[in-house]
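heads up, no residue letters with this:
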């Protein structure tokens, strides 16, 4: 593979948000990975291997500055046949604080101070990179297997042809998925949360699905979304778009949105597409149980 045709991925983001896990996944996919090289050596790294290249850059990197990284990406875009891709890993403050507490690490921007101050400083330092990123990954509720799946689907060396379609269910109270291209609001539909029997269940339960489907607007809503996405997807492919993420949200992210995403995924598979499904709030709940299970056992 010639230097100009290689895939180059720059991985950056907030400390503790999962940059190392992303790099490890890329390494498993066959990328040559380099974490925190001196920024002055960035161009030199391109000539050291013919493999696809993944470079980790964050606040610990010598010469780190958002403006310098963006300028380097513009230069590489001019010099190479394909533009480098920028991945930005982030997470909620509370999650980052918990991770630092669990690992007892010091924050690189607050080695002698409060971790919270370091997080705030790093957010300010990297805001421009997040805005320019090709992919923003919020790992707050993303379990490691799901994170690896997202990276594999997007950056696998044998998966560049075609369109990678991701469907996400989420709760509005947890914020919009930052990677979403299309977002639909299902909060107007009949809510199983108010049924005492159905409340502890999820949209994966047939009885919850049946409950939501009794809403007279449920089927037209589903059909409208399906018709729209089936119209858009072939056009996205024609335009050369490689990744599309569709998200459906509801109040708690456990019932209506989960049911709708599962239903949409089945219909899209019947139409010949292969969507990846992520249930953000269910994944978050599962992670919480995993971290507390050993103490409760």
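The structure has been received and is ready for your questions. All values reported here derive from a predicted model rather than from experimental measurement. Residues are numbered from 1 along each chain as shown.

Could you find the residue nearest the spatial middle of the chain?
The geometric centre of the chain, computed from its C-alpha atoms, lies nearest to residue 137 (C-alpha atoms, centre = their mean), at 3.4 Å.

Let me know whether my guess that it is in a strand holds.
Yes. Using DSSP: H, G, I helix; E, B strand; the rest coil, the secondary structure at residue 137 is a strand.

Spatially, what comes nearest to it if we skip its sequence neighbours?
The spatial neighbour of residue 137 that comes closest, neighbours along the chain excluded (C-beta to C-beta, 6 or more residues apart in numbering), is residue 89 at 5.2 Å. Every residue, glycine included, has its C-beta placed from N, CA and C.

contacting residues for the one you found?
The contact partners of residue 89, by C-beta atoms under 8 Å, 6 or more residues apart in numbering, come to 11, 12, 13, 14, 17, 18, 19, 22, 137, 139.

List the contacts of the fifth one.
Just to be clear, that refers to residue 17. Residues touching residue 17, when contacts are defined by C-beta under 8 Å, 6+ apart, comprise 89, 90, 91, 96, 137, 139.

Select the longest helix from this protein.
Longest helix in the chain, counting residues (DSSP state H): helix 218-238.

how distant is it from the center of its chain?
Helix 218-238 has its average C-alpha position 22 Å from the chain's average C-alpha position, going by C-alpha atoms, centre = their mean, to the nearest Å.

from the contacts of residue 17, which is closest to residue 180?
Proximity of the contacts of residue 17 to residue 180 (C-beta to C-beta) peaks at residue 137, which lies at 12.3 Å.

Thought residue 22 was touching the closest one, still the case?
Yes. In this structure, residue 137 sits in contact with residue 22. The criterion is C-beta atoms under 8 Å, and the distance is 7.3 Å.

For the chain, which segments are assigned as strands?
Along the chain, counting by DSSP state E, strands occupy 8-13, 32-35, 53-56, 85-90, 135-138, 164-171, 182-185, 243-250, 276-279.

In JSON lines, list these along with mean pLDDT and distance to residue 156.
Compiled in JSON lines, the strands of the chain are given as follows (pLDDT from 0 to 100; distance: least, C-beta to C-beta, whole Å):
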{"stretch": "strand 8-13", "mean pLDDT": "93", "distance to residue 156": "12"}
{"stretch": "strand 32-35", "mean pLDDT": "91", "distance to residue 156": "15"}
{"stretch": "strand 53-56", "mean pLDDT": "91", "distance to residue 156": "12"}
{"stretch": "strand 85-90", "mean pLDDT": "94", "distance to residue 156": "13"}
{"stretch": "strand 135-138", "mean pLDDT": "91", "distance to residue 156": "14"}
{"stretch": "strand 164-171", "mean pLDDT": "92", "distance to residue 156": "9"}
{"stretch": "strand 182-185", "mean pLDDT": "97", "distance to residue 156": "23"}
{"stretch": "strand 243-250", "mean pLDDT": "94", "distance to residue 156": "12"}
{"stretch": "strand 276-279", "mean pLDDT": "90", "distance to residue 156": "12"}
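
would you turn the ones you listed into CSV with distance to residue 193?
CSV is the format used below for the strands of the chain (distance: least, C-beta to C-beta, whole Å):
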stretch, distance to residue 193
strand 8-13, 34
strand 32-35, 44
strand 53-56, 41
strand 85-90, 29
strand 135-138, 24
strand 164-171, 11
strand 182-185, 16
strand 243-250, 9
strand 276-279, 16
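
Okay, now the unreliable bits of the stretch 1-150 of the chain?
Low-confidence regions of the stretch 1-150 of the chain, defined by pLDDT under 70, span residues 1-5.

returning to that earlier point: selecting buried members of the contacts of residue 89 in PyMOL, what would you type?
Command for PyMOL, covering only those of these found buried under the criterion 16 or more other C-beta atoms under 10 Å:
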select buried, resi 11+12+13+14+17+18+19+22+137+139
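
Can you pick out the most distant pair from the contacts of residue 89?
Maximum pairwise distance in these, criterion C-beta to C-beta, is 13.6 Å, between 12 and 139.

Between the contacts of residue 17, which sits nearest residue 255?
Top of the list for closeness to residue 255, among the contacts of residue 17 and by C-beta to C-beta, is residue 139 at 24.2 Å.

Now for the residue lying closest to the closest one once chain neighbours are set aside: which residues touch it?
Spatial nearest neighbour of residue 139, excluding adjacent residues (C-beta to C-beta, 6+ apart): residue 18 at 4.2 Å. Taking C-beta under 8 Å, 6+ apart as the definition of contact, the neighbours of residue 18 are 89, 91, 137, 139, 142, 147.

How is this structure divided into domains?
What the record gives for the chain is the domain set 3-155, 164-290, from automatic domain parsing.
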